[in-house]
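*Asks:* need the 3D shape of this:
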Amino acid sequence: MSVIQPRNTVSDFVLDRLMEWGVDTVFGYPGDGIGAFDGALARADHDDLPLRYIRPTHEEICGLMATAYAKWTGRLGVCTATSSPGAFHMLNGLYDAKMDNQPVVAVIGQQNLASLGSGYQQESNLERTFADVGAYVQTIVTPEQAQVVVDRACRTALTHRQPCVIVIPHDVQAMTREEPPQRMEVSRSSSAPTSTAIAPPSDELRRAADVLNAGKKVAFLVGAGALGATDEVLALAEKTGAGITTALRGKDVVPGDVPYNTEQLGLLGTLPSYKMMQECDTLLMIGSNYPYGGYLPATGQARGVQIDLRPSQLGVRYPMEVTLWGDAKTTLQALLPLVEQTADTSFQDTTAERMREWEGVLAALAQNEAEPINPRQVFHEMNERLPAGAVVTCDAGSTADWYGHHVRLKRGMRGDLSGRLATMLAAMPYAVAAKFALPGRPVVCTIGDGAFQMLGMNELITVKKYQHLWENKQLVVLVLHNDDLTQVSWEMRTEDGNPRWTGSQAVESVDYAAFAETLGFQGLKVTDPSKVGEAWDAAFAYDGVTVLDVHTDKNVPPLPPHISFKFAANMAEALLKGDPDEWDVVKSSAKALVTQKAAEVKEALHLGDDDDA
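*Replies:* Numbering: from 1, shown residues only. Prediction:
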C-alpha cells in the first residue's frame, strides 16, 4: 500500500494556486527534473482535487495541446516538462501560443539550486532559453516567492494573451510551503483575475463611427480576436451594409451561412474576398493581425478603423485612420449605438451574389476528375455532412487550402489551426485537446500524411488511453494519403520556380486504416471517388474513433482565387526545369483553371447553369 505524503510542498502550493486561477487540466510529460512536482500532481489526483493530468506522447504535444486548450476554452492552458531536454521539446508549442496570442503557463523543472552554474548534467540557462517566447519568465528559488511568481505568470498570460514560464529547481519543488511573510522584500500577491473587457474612450469611438458612417463600400476583416463577438459583428455589418471576410483563424467567428460572408482572404481565400478588398472605400479590421498586406486595399483607397486587444498589433498592417484599443465585444457594443443605419446595401448585396456564384465554382472544382481522388471532393462532401456543434482542425499543409476553400462552419461549430506559426504539427494535438475541452462535441481532424507521420500516428495512442473519459467519443481523423509533402511541393514551384524534388518531398506510404485497426479503432481506406460520401456517412455514424485513409491526388493545384504574374511565371519556370510530375501538374492545373475561369466568364455574361456557354 502506497503512502501519500501531506500536500505541504512548494509544488502543492503551485498547483493549488493554479486551480485558484481556474486551471482544471495540466498537459505534461514526466522527468527527473520535474519529479517532485509530478509527485504533487499524484497527490492532487489521490485527493480527488478538480485537476486532471493528461500525458501525451511528447513534450512538444503538451505545449501544443495547452495552446489548443486555451483556444477552445478561453481559459489558461497549462503544460509541464522536465529540465533542458523536455523543456526544449516544449518550445515549439509555446511559440504556437506566442504567435497565436494564447494564455499558456508552462511549469518547467530545473536542476538543484546548488548545481546551477556548475555545468551539471541537464543544467541549462532556462530563463535565457525561454526569454524570447515568454512574456514573463521566472525561477522560483524560495517558498515565499512562489505566490507572486505564479500569480504574475497567470495574470500576465491572461491579460497579455501570451505564454509565461515558471522554472522550479528540483529541490525547491519539494521544500515546505510557506505563506509570504510581512516583510519589506516579500510580495504578497493576489489571485483575483483582471478584467479584459476594455473599451476605448468615447471620443475615439465617435471618430471611428464617423469613418464608418461616411463609407459607401465597407469591408470587414475579422480575426480570431473577435471570438465571442459574433452577434456584434453581424449587427454592425447590417448597420453599415458591409461585406465580411475573415482571416483563416477567424473562420468560426462568422457563420458560414451568412450570405455576405466571403470566407477567407488571400491564397487560401475566395475571389469575392479579393474583389471586396479591391473595391472597398472603408476597411474595418476586428481582432486580426492579418499579415498579407498585398491583399489589403491600396494605400489611400480606403479609410481604415482597427479594433484589437493587443495594442502592439494596432496600425501595423494598413495605414489606419482610427485605432481602437479594446476587446472586440465590449468595443463593438460601445460603437454600435454611434453608427447610423444605412439604406444602401448594394455593396453587401453584390458581395453576397458574388459569393453565391463562387460557391458554384468551388462545387465544380470538387467534381474535377483526379487520380485517384480529388482532395477538394473529400472536403466538399465532409462539409455537407458536418454534425451540429462539430469541431474541425487542420494542419498547415494542403489541408489548410481545402479547409479554407470548402468548409463552412455554421453557428455553434468551432474550427482552428496553428495560424501565425503555421506548423504542420498542430492538427492532431488540437483535435485531441478539443476532446478534453469540449467533451460533448464531435471532432474532425483533417491532416496530411506527412503531418500524420510527424505527430499524428503516435497521438492515436493518447486517444486510445483517454477516450473512455469523453462524453462524445466521436473523433474522425481524415488522412489525405498522397505520399507527398504537397504544400511544400507547390511552394517549391510557385514561390521559387523550382521543380518538385522527390528526395525531400516523397512520404513513405503506410496503411493508415490498418494502423488504426491495430489500436481498436475503425479504419476505412478509400481509393474510389464514388465511395467518399459513403465513407463520411460511416464515420459520422460511428460512436468512436475513425481513421479515414483517403488516397488523394497530390497534383490537384491549390490555385489562389487571383493568380499573379509572379505565381504563373514561377510555375512555368518550375515545369520547364523538369518537374517529375510535369504532365499531371499541367493537366490538373488546366482543369482547375478552365473550371474557375469558365465560371467567371459565365458570371460576367450573366449565363445561367443551363445555358450553353
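*Asks:* just the strands in the stretch 1-150 of the chain please.
*Replies:* Applying DSSP state E, counting those that start in this stretch to the stretch 1-150 of the chain gives strands spanning 25-28, 52-54, 77-81, 104-110, 136-139.
*Asks:* so what's the residue nearest the centre of the chain up against?
*Replies:* The residue lying closest to the centre of the chain (Cα atoms, centre = their mean) is L417, at 2.6 Å. If you count contacts by Cβ atoms under 8 Å, 6 or more residues apart in numbering, L417 has them with 248-249, 393-396, 400, 403, 426-427, 430. For the C-beta atoms, the positions are set from N, CA and C on the backbone; glycine is no exception.
*Asks:* of those residues, which one scores lowest on pLDDT?
*Replies:* By pLDDT, A396 ranks lowest within the contacts of L417, coming in at 85.
*Asks:* which phi and psi values does that one adopt?
*Replies:* phi -100, psi 20 (degrees, to the nearest 10).
*Asks:* state the distance from it to I447.
*Replies:* Distance from A396 to I447, counting by Cβ to Cβ, to the nearest Å: 10 Å.
*Asks:* between the two, which one's more packed in?
*Replies:* Between A396 and I447, I447 has the larger neighbour count (other Cβ atoms under 10 Å), namely 27 against 21.
*Asks:* rewinding a little: okay, the strands of the stretch 1-150 of the chain in TSV with distance to A199 and mean neighbour count next?
*Replies:* What follows is the strands of the stretch 1-150 of the chain, written out as TSV (distance: least, Cβ to Cβ, whole Å; neighbours: other Cβ atoms under 10 Å):
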stretch	distance to A199	mean neighbour count
strand 25-28	31	26
strand 52-54	36	17
strand 77-81	27	29
strand 104-110	26	29
strand 136-139	26	19
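*Asks:* would you format the ones you listed as JSON lines with mean pLDDT and distance to A229 included?
*Replies:* Listed next are the strands of the stretch 1-150 of the chain as JSON lines, based on pLDDT from 0 to 100; distance: least, Cβ to Cβ, whole Å:
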{"stretch": "strand 25-28", "mean pLDDT": "98", "distance to A229": "26"}
{"stretch": "strand 52-54", "mean pLDDT": "98", "distance to A229": "30"}
{"stretch": "strand 77-81", "mean pLDDT": "98", "distance to A229": "21"}
{"stretch": "strand 104-110", "mean pLDDT": "97", "distance to A229": "22"}
{"stretch": "strand 136-139", "mean pLDDT": "98", "distance to A229": "27"}
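*Asks:* switch these over to TSV; also include distance to S312.
*Replies:* TSV is the format used below for these (distance: least, Cβ to Cβ, whole Å):
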stretch	distance to S312
strand 25-28	28
strand 52-54	32
strand 77-81	21
strand 104-110	18
strand 136-139	16
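*Asks:* so which of those comes closest to E204?
*Replies:* strand 136-139 (29.1 Å; Cβ to Cβ).
*Asks:* alpha carbons of that closest one, as CSV, please.
*Replies:* Included here for strand 136-139 are C-alpha records, laid out as CSV according to Å, rounded to 0.1, in the frame of the first residue of the first chain:
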residue,chain,number,x,y,z
TYR,A,136,7.2,36.5,-18.2
VAL,A,137,9.9,34.0,-17.3
GLN,A,138,11.0,33.5,-13.6
THR,A,139,12.7,30.9,-11.5
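*Asks:* and it, which strands flank it?
*Replies:* Partner strands and pairing direction for strand 136-139 (DSSP bridges) are strand 163-169 (parallel).
*Asks:* now do the same contact list for K473.
*Replies:* 467, 543-545.
*Asks:* hmm, try it at 6 Å
*Replies:* 467, 543-544 (Cβ atoms under 6 Å, 6 or more residues apart in numbering).
*Asks:* cool, T351 as well?
*Replies:* 243, 260, 272, 276.
*Asks:* among those residues, which ones are in helices?
*Replies:* 272, 276 (DSSP state H).
*Asks:* would you show me how to pick out the buried ones of the contacts of T351 in PyMOL?
*Replies:* Applying 16 or more other Cβ atoms under 10 Å to the contacts of T351, the buried members can be selected in PyMOL as follows:
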select buried, resi 243+260+272+276
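*Asks:* out of the contacts of T351, flag the one nearest to V526.
*Replies:* Nearest to V526 among these, with distances taken as Cβ to Cβ, is P272, at 31.5 Å.
*Asks:* quick check: which element contains F347?
*Replies:* If you go by DSSP states H and E, F347 is part of helix 346-366.
*Asks:* state the mean pLDDT of that helix.
*Replies:* Helix 346-366 comes out with an average pLDDT of 96.
*Asks:* may I see the buried residues of it?
*Replies:* 347-348, 350-352, 354-355, 358, 361-362, 364-366.
*Asks:* one more: stretch 174-181?
*Replies:* Those would be 174-175, 177, 180, for stretch 174-181 by 16+ other Cβ under 10 Å.
*Asks:* next SSE downstream of the helix or strand V432 falls within?
*Replies:* In the assignment (DSSP H and E), V432 maps to helix 427-437. Using DSSP H and E, the helix or strand that follows helix 427-437 towards the C-terminus is strand 443-448.
*Asks:* quick one: strands adjacent to that next one?
*Replies:* strand 391-394 (parallel), strand 475-481 (parallel).
*Asks:* for this protein, name the helix or strand with the lowest mean pLDDT.
*Replies:* In the chain, no helix or strand scores lower on mean pLDDT, DSSP states H and E than helix 582-604, which sits at a mean of 49.
*Asks:* pull the number of nearby residues for L51.
*Replies:* L51, neighbours per other Cβ under 10 Å, totals 18.
*Asks:* my bad, Q121
*Replies:* With other Cβ under 10 Å as criterion, Q121 counts 11.
*Asks:* now do Q333
*Replies:* 17.
*Asks:* could you find the closest non-adjacent residue to it?
*Replies:* E232 (5.9 Å; Cβ to Cβ, 6 or more residues apart in numbering).
*Asks:* now the host helix or strand of that neighbour: mean pLDDT?
*Replies:* E232 is part of helix 230-240 when elements are defined by DSSP H and E. For helix 230-240, mean pLDDT rounds to 98.
*Asks:* what helices or strands is it leaning on?
*Replies:* helix 328-335 (3 or more Cβ pairs under 6 Å, 6 or more residues apart in numbering; DSSP states H and E).
*Asks:* figure out how far the helix it packs on is from the centre of its chain.
*Replies:* Distance, stretch centre to chain centre, for helix 328-335: 24 Å (Cα atoms, centre = their mean, to the nearest Å).
*Asks:* now do stretch 115-135
*Replies:* Relative to its chain's centre, stretch 115-135 lies at 29 Å (Cα atoms, centre = their mean).
*Asks:* can I get that stretch as PDB, trimmed to CA atoms?
*Replies:* Presented in PDB, the C-alpha positions along stretch 115-135 are these (Å, rounded to 0.1, in the frame of the first residue of the first chain):
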ATOM      1  CA  SER A 115      24.300  22.700  -9.000                       C
ATOM      2  CA  LEU A 116      23.400  25.800 -11.000                       C
ATOM      3  CA  GLY A 117      26.400  27.400 -12.800                       C
ATOM      4  CA  SER A 118      28.500  24.200 -12.500                       C
ATOM      5  CA  GLY A 119      27.700  22.700 -15.900                       C
ATOM      6  CA  TYR A 120      25.800  19.900 -14.200                       C
ATOM      7  CA  GLN A 121      24.000  17.200 -16.200                       C
ATOM      8  CA  GLN A 122      20.900  18.600 -18.000                       C
ATOM      9  CA  GLU A 123      21.600  22.000 -16.400                       C
ATOM     10  CA  SER A 124      20.900  24.900 -18.800                       C
ATOM     11  CA  ASN A 125      20.000  28.600 -18.600                       C
ATOM     12  CA  LEU A 126      16.300  28.200 -18.900                       C
ATOM     13  CA  GLU A 127      15.500  31.800 -18.200                       C
ATOM     14  CA  ARG A 128      17.600  32.800 -21.200                       C
ATOM     15  CA  THR A 129      16.200  29.900 -23.300                       C
ATOM     16  CA  PHE A 130      12.600  31.000 -22.800                       C
ATOM     17  CA  ALA A 131      13.200  34.800 -22.800                       C
ATOM     18  CA  ASP A 132      12.100  35.200 -26.400                       C
ATOM     19  CA  VAL A 133       8.900  33.100 -26.200                       C
ATOM     20  CA  GLY A 134       7.700  34.000 -22.700                       C
ATOM     21  CA  ALA A 135       6.100  37.300 -21.700                       C
END
